[in-house]
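Undergrad: Dropping a prediction and its sequence here:
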Amino acid sequence: MIFRIVAIVAGLGLALAATAEAQTPRKGGTIRMTAPYGSSFTSLDILTTQRAQDEIYAKALHRSLYIWDSAAGKPVLELAKEDVVSGGGLVHTFKLRDDAYFHNGRKMTADDIIWTYNRIMDGTKAYPGARYVRVIEGAAAVEKGQAKEISGLKKIDDFTIEMKLTEKVEPGFYFWNAITSIYPADEAAKESFLQKPIGLGPFKFVEHVPGSRIVLERWDRFYKPGKPYADKIIVAVMGEAAARDVAFRNKEIDTSVLGPAQYVAYQNDADLKGTVVEVAEVFTRYMGMNPAFKPFADKRVRQAINHAIDTDLIINKLVKGKAYRATSWLPLTSPAYDKAMKPYAFDPAKAKQLLADAGYPSGFEFEWTTSQNESWGLPIVSAVIPMLDRVGIKAKVKQVETAVLAEVVRSGDYQAFIYSQASGPDPQAALKCFHSATPQPACNYMNFKNADFDKIVDEAGQADDPAKRTQLLQKANALLYEEAPVWFFNYNKAVMAVQPWLKGIQLNATELTHQNVEDLWVDETSPAK
Amino acid sequence: MLSFLFRRLLQTIPTVLAVVALVFVLFSVVPGSIVSSMSDDADPQVELRLKKQLGLDEPVYVRFGSYVAKLATGDFGTSFRTREPVTFMIAKRAWPTLQLIFAAMAFSVVIGVPLGFIAALKPGGIVDTLAMVVAVSGLSIAKFWLGLVLMYLFALKLGWLPSFGYGDGGLKYLILPAVTLGVSPMALFARTTRAAVLEIMTADFVRTARSKGMSETRVVKWHVMRNALVIILTTVGLQFGALMGQAVVVEKLYSWPGIGSLLVDSVLQRDIPAVQGSILVVVLSFLAINLLIDVLYGVIDPRIRYA
């Protein structure tokens, strides 16, 4: 009996040890990621480019003051160890890391952060990160050429920096993405930096073959002990989904983003089903309605459209389930998402009644501007048109390129458009897009104006208690649902296929392809050992 | 010969100017701009500054004048996207494109010309029928589809070749893109060669050669082949230009770092200087190759003289 107990305990011990070993990250190997968004990398100067494609390699090469923590669903300190808040929530004193080294071997100091943020605010260069750094007091003056340095940034000592903000906001949401990456002040001013960038990230630059790949290798002086695990990272530019599919099946790449058709194919393939990871990204897909177009000025018409469309049918049949039904604006992964909310019911009779109440018993006609995007473009519009037709609304399609659609949306030169817009990660910033003080070209694309909504959002901005703030944001989100400035279509379900040997993938709701690569590792079954 | 070359070079100037003007005007009137394509979520203030910085707030004629003035000094301008000189961007992409086009051309000539020749020697036979089936198929198949089929077969099923990428620029990475690009000209060369050979075989001078007792091998080698070469050479010259354009699809499919993929990326993002530079390089290459072909005519056929 005793022998059996000892044997069982020993067996359990061995099993646990084996499990622990299986989960222990392995050092070495090459991670082969893909950059799936169409075109080549824009630039090796990451401060100049705000494209998801570029941020894929930037996550390996660069670091910002904060980093996105996918598990926590929020930005957390990265280049600083501590943030002491004072001055009524407007002053942040950051105690910086004293062990962060640039890839040229020089230690990062407060001067680098100040230099970088001043550079971003150079008004003659139009850096996209200016929209975030502008939250620091005095940054706008630098942008306008009225000052040389941001007055709200003060170096206390080499590893302490004080940042005074213009608004009471969580700075993490402003300083976590790649367009606010910290550069080495001395090196970044040189011409050569554009060809051989230097950063603080876990991997250092080796090679860029334009239109094909970027190669990076482990930076041994990275500040997180024992990381990164892999020796090398290759990020291949692969815009063609079918080519990516072959390469993934052929084990030439470790990750691949899947579209709706491939999502179904992979789920139905026993060998590939286990490779699929998915997350609700912070993007809301919708049809925006211009209130300047008379029928859309009436809330009942906008609600009627939400009732007239069988959204679930489109998501299930056309988008192949690669999306989550939108209930209102804030997405599933938003901290202010209200699980109790229900989407508009598919109810054509109610839609007809609402149209009749609004004075359109016979419906009306509108022009619908769309791109060709398979998930939120022409195929969706084509499916919706007959549904609207059933309640008497005729839609004429105006097809444009995606880049043109962006201009149309910002200029307000439309009756209706279909689009995908970031609705997170910061719920306050996402809802502020509907504030009447937000200009249309900024992100208030439907030129939404509602005094009650403004009041709630303003209150949320002033709230010190996070729970109270969340409650107010949920209220604002519910008001948007009621006002229906858009047809709430879906929240993007980002789907990526990941080879079984690649471990540590994070379910990043801001963009699934953006991985904190220092946490990734490949086991011994990887073909690129 | 020198005066001929000089005249031909002079003739290229209006062509180049027309292309420059056309591309410039086209991208000035089509909707969309680099500013809107840089981000889905850009800040309006930044956009305005970006427009100013890139000179997009100036009238079209001012921008055109400035562009042509720079071009006259060999300056293709600075890319809106990468903020690098366009010449530098093109230089980085030129070698992979040349590799791809020459490899595709070599494949198509080596397979297509003999195929057409053999088919013409016994018209209506099995070889001729098979060769023409291959030729017609080659001309009809879409490159994108063919590329995927080749990837599936030679990379995924047989495991002989990588399915994508440039690697170290070595042969194993080049084969699939080159074959994908080369199948269509191969088919064209086979058809052109067959037609040319069939026509020459019935010419008076061939009949005379045969009647003088010359062996069939010598007739084909000295009379038929040499005369057919002029027609084949013309087709090859034209196909070089066509391949520069067709490489766009193949480069994107295989993640090949050439001028074609640069052109597509630049068009999509409205990077006008890079679009203009890439198109200009394609046009100049086309003109240069055709000039070279004209010169080669005289070498192959001494009857052709450059008056």
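TA: Cool, the structure landed.
Undergrad: what ranges do the helices span in chain B?
TA: Defined through DSSP state H, the helices belonging to chain B, from first to last, are B:2-29, B:34-37, B:44-53, B:60-72, B:86-121, B:126-140, B:143-150, B:171-201, B:204-211, B:216-218, B:225-254, B:259-268, B:272-300.
Undergrad: I'd like to know how far the spatially closest residue to residue B:103 that is not a sequence neighbour sits from residue B:149.
TA: Counting by C-beta to C-beta, 6 or more residues apart in numbering or on different chains, residue B:178 is the residue found nearest to residue B:103 once chain neighbours are left out, at 3.6 Å. C-betas here are computed from N, CA, C, even on glycine. Here the distance between residue B:178 and residue B:149 works out to 15 Å (C-beta to C-beta, to the nearest Å).
Undergrad: elements contacting whichever strand or helix holds residue A:324?
TA: Using DSSP states H and E, residue A:324 maps to strand A:323-325. Secondary-structure packing of strand A:323-325 (3 or more C-beta pairs under 8 Å, 6 or more residues apart in numbering or on different chains; DSSP states H and E): strand A:486-498.
Undergrad: Can you pick out the residue with more neighbours from residue B:178 and residue B:149?
TA: The neighbour count for residue B:178 versus residue B:149, taken as other C-beta atoms under 10 Å in any protein chain shown, is higher for residue B:178 (24 against 12).
Undergrad: sorry, back to before: of the helices of chain B, which stretch is the most buried?
TA: Mean neighbours per residue, mean count of other C-beta atoms under 10 Å in any protein chain shown, is largest over these for helix B:259-268, with a mean of 26.
Undergrad: For the stretch 51-200 of chain B, what lies in contact range of chain A?
TA: On the criterion C-beta under 8 Å from any C-beta of the partner chain, chain A has as its neighbours in the stretch 51-200 of chain B the residues B:52-53, B:81-84, B:89, B:92-93, B:147-148, B:151-152, B:155-156, B:159, B:162-166.
Undergrad: that older thread, with mean pLDDT added, can I get the helices of chain B in a markdown table?
TA: Supplementary listing: the helices of chain B in a markdown table, determined by pLDDT from 0 to 100:
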| stretch | mean pLDDT |
| --- | --- |
| helix B:2-29 | 83 |
| helix B:34-37 | 70 |
| helix B:44-53 | 76 |
| helix B:60-72 | 88 |
| helix B:86-121 | 93 |
| helix B:126-140 | 88 |
| helix B:143-150 | 95 |
| helix B:171-201 | 93 |
| helix B:204-211 | 90 |
| helix B:216-218 | 86 |
| helix B:225-254 | 87 |
| helix B:259-268 | 90 |
| helix B:272-300 | 85 |
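Undergrad: between these, which gets nearest to residue A:180?
TA: Evaluated with C-beta to C-beta, the helices of chain B place helix B:44-53 nearest to residue A:180, the distance being 13.3 Å.
Undergrad: so how far is that closest one off the chain centroid?
TA: Centre-to-centre, helix B:44-53 and its host chain are 37 Å apart (C-alpha atoms, centre = their mean, to the nearest Å).
Undergrad: Stretch A:239-257 now?
TA: Its chain's average C-alpha position is 22 Å from that of stretch A:239-257, according to C-alpha atoms, centre = their mean.
Undergrad: got the phi/psi numbers for residue A:40?
TA: According to degrees, to the nearest 10, the main-chain angles of residue A:40 amount to phi -60, psi 170.
Undergrad: And the next helix or strand past the strand holding residue A:324?
TA: For strand A:323-325, the succeeding helix or strand toward the C-terminus, using DSSP H and E, is helix A:348-357.
Undergrad: Tell me the buried residues in that following helix?
TA: For helix A:348-357, burial by neighbour count (16 or more other C-beta atoms under 10 Å in any protein chain shown) applies to A:348, A:350-356.
Undergrad: and these as TSV, adding pLDDT and distance to residue B:250?
TA: What follows is these, written out as TSV (pLDDT from 0 to 100; distance: C-beta to C-beta, whole Å):
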residue	pLDDT	distance to residue B:250
A:348	97	48
A:350	98	53
A:351	98	49
A:352	97	52
A:353	98	56
A:354	98	53
A:355	98	51
A:356	98	57
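Undergrad: so where's chain A uncertain?
TA: With pLDDT under 70 as the threshold, chain A has low-confidence stretches at A:1-22.
Undergrad: how does it look with 50?
TA: Per-residue confidence of chain A (counting by pLDDT under 50) places the weak regions at A:1-3, A:6, A:9, A:12, A:14-21.
Undergrad: Stretch A:26-39 near chain B at all?
TA: Yes: contact between stretch A:26-39 and chain B, assessed by C-beta under 8 Å from any C-beta, occurs at A:38-39.
Undergrad: and the nearest residue to residue B:15 once chain neighbours are set aside, what is it in contact with?
TA: Of all residues not flanking residue B:15 in the chain, residue B:287 sits nearest, at 6.6 Å (C-beta to C-beta, 6+ apart). Residue B:287 makes contact with B:12, B:15-16 under the criterion C-beta atoms under 8 Å, 6 or more residues apart in numbering or on different chains.
Undergrad: and of these, the nearest to chain A?
TA: Nearest to chain A, judged by C-beta to the nearest C-beta, of the contacts of residue B:287 is residue B:16 at 25.1 Å.
Undergrad: so what's that closest one up against?
TA: B:280, B:283-284, B:287 are the contacts of residue B:16 under C-beta under 8 Å, 6+ apart.
Undergrad: Please apply the same query to residue B:283.
TA: Residues near residue B:283 by C-beta under 8 Å, 6+ apart: B:15-16, B:19.
Undergrad: cool, and residue B:256?
TA: Here residue B:256 is in contact with A:211-212, B:96, B:100, B:165-166, B:177, B:247, B:250 (criterion: C-beta under 8 Å, 6+ apart).
Undergrad: Take those residues and lay them out in TSV including distance to residue A:485.
TA: Formatted as TSV, the entries for the contacts of residue B:256 read as follows, by distance: C-beta to C-beta, whole Å:
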residue	distance to residue A:485
A:211	40
A:212	43
B:96	48
B:100	50
B:165	45
B:166	47
B:177	48
B:247	46
B:250	45
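Undergrad: nearest to residue A:289, of these?
TA: When those are compared for distance to residue A:289 (C-beta to C-beta), residue A:211 wins out at 39.4 Å.
Undergrad: Kind regards, and thank you for your time.
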